[in-house]
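Novice: Sharing a model that was predicted from the sequence below.
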Amino acid sequence: MKRISLLPLLFCLAIATAAETPETKQAEGQEDLFPAAIPEDVRYTKPDLADAKSAREKLAKEYLQEGEGLPAKSPLIICHRTWARIEKLGLIKPETGIKMEGISPQGVKVEGRSYRDAAEINIVWKFLRELLRSKADTKVRTPNRKEMSDYWAQIGWDIKDAPLFVVEHGQERFLFAFTKDEPFQVCDLSVPKKASKAEDAGKDATSPEPKPEGSTK
């Protein structure tokens with residue numbers, strides 16, 4: 001009688017069983033926590049898994065929800081397009097904050113702001129909440145390859161251990177960078193409705209703006 005070895009069958013069964021372990025399933029679900037595609041020129045180090053999970057949950061369920069509590073953590077850096085929109089609305093005086101110079105994705109020298117005053121930081125968050133507050137089509141996701149490149153072009157440091165998430169609502173795209181699970185930077189990466197000279201100059205393309213909270217105009 002011809003003997004048949006069961007070792008290959010047992011080996012395949014062991015692999016299939018291992019593929020169903022909770023650890024493997026957790027790894028497969030991490031596409032919602034880390035960028036899937038990193039451009040070659042972007043220096044990026046993946047953050048801690050627990051920090052990424054906590055940052056995503058806080059962004060979706062706390063920071064952008066209606067209510068009195070606002071994350072007035074210091075400092076908060078806002079990139080040039082976010083700053084341009086807030087300044088245009090007259091929500092914060094131009095002389096406030098610390099000037100932060102950078103380069104737009106179009107290669108133009110631009111400026112943003114770094115805020116340490118809690119009242120000014122809360123003004124920024126109220127603007128973001130009004131614009132991005134949770135709606136049926138609001139998504140919190142990881143940045144794609146182009147968004148990673150656009151963000152990288154605007155900063156002067158390596159992306160190291162910083163959870164990154166994009167809040168998408170309609171044509172709005174705002175990237176939030178975190179220190180552990182606390183936000184420290186906001187960049188407007190929204191899709192402009194049309195190209196304009198203002199965009200080429202590093203300013204935000206015009207788009208509908210939310211009214212400041214409490215405004216009757």
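Specialist: Perfect, thanks for sending it.
Novice: Need the single longest helix in this protein, by residues.
Specialist: helix 118-132 (DSSP state H).
Novice: And that one, how far out from the chain middle?
Specialist: The chain centre lies 15 Å from the centre of helix 118-132; the measure is CA atoms, centre = their mean, to the nearest Å.
Novice: and if you look at stretch 132-149?
Specialist: Chain-centre distance of stretch 132-149: 7 Å, with CA atoms, centre = their mean.
Novice: Just the mean pLDDT for it, thanks.
Specialist: Stretch 132-149 comes out with an average pLDDT of 86.
Novice: Now the terminal residues of that stretch, how far apart.
Specialist: 23 Å (CA to CA, to the nearest Å).
Novice: likewise stretch 71-84?
Specialist: Start-to-end, stretch 71-84 (CA to CA) is 21 Å.
Novice: List the buried residues for that stretch?
Specialist: Buried residues in stretch 71-84, counted by 16 or more other CB atoms under 10 Å: Ala72, Leu76, Ile77, Ile78, Cys79, His80, Arg81, Thr82, Trp83, Ala84. (Each C-beta comes from the backbone N, C-alpha and C, glycine too.)
Novice: Now flag whichever of those is closest to Thr138.
Specialist: Thr82 (17.4 Å; CB to CB).
Novice: what about the closest one, which SS state?
Specialist: Look at Thr82: counting by DSSP: H, G, I helix; E, B strand; the rest coil, its state is helix.
Novice: Go ahead and confirm it touches Asp188.
Specialist: Yes: with contact defined as CB atoms under 8 Å, Thr82 reaches Asp188; the gap is 4.4 Å.
Novice: Report the residue spans of the protein with pLDDT below the cut-off.
Specialist: For the chain, the stretches with pLDDT under 70 are 1-29, 31, 66-70, 134-136, 193-217.
Novice: Tell me where it has strands.
Specialist: Counting by DSSP state E, the chain has strands at residues 44-45, 76-78, 98-103, 109-115, 139-141, 159-160, 164-169, 172-179, 182-188.
Novice: Rebuild those strands as a markdown table, extending it with distance to Lys53.
Specialist: Listed next are the strands of the chain as a markdown table, based on distance: least, CB to CB, whole Å:
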| stretch | distance to Lys53 |
| --- | --- |
| strand 44-45 | 17 |
| strand 76-78 | 22 |
| strand 98-103 | 29 |
| strand 109-115 | 27 |
| strand 139-141 | 12 |
| strand 159-160 | 18 |
| strand 164-169 | 11 |
| strand 172-179 | 11 |
| strand 182-188 | 14 |
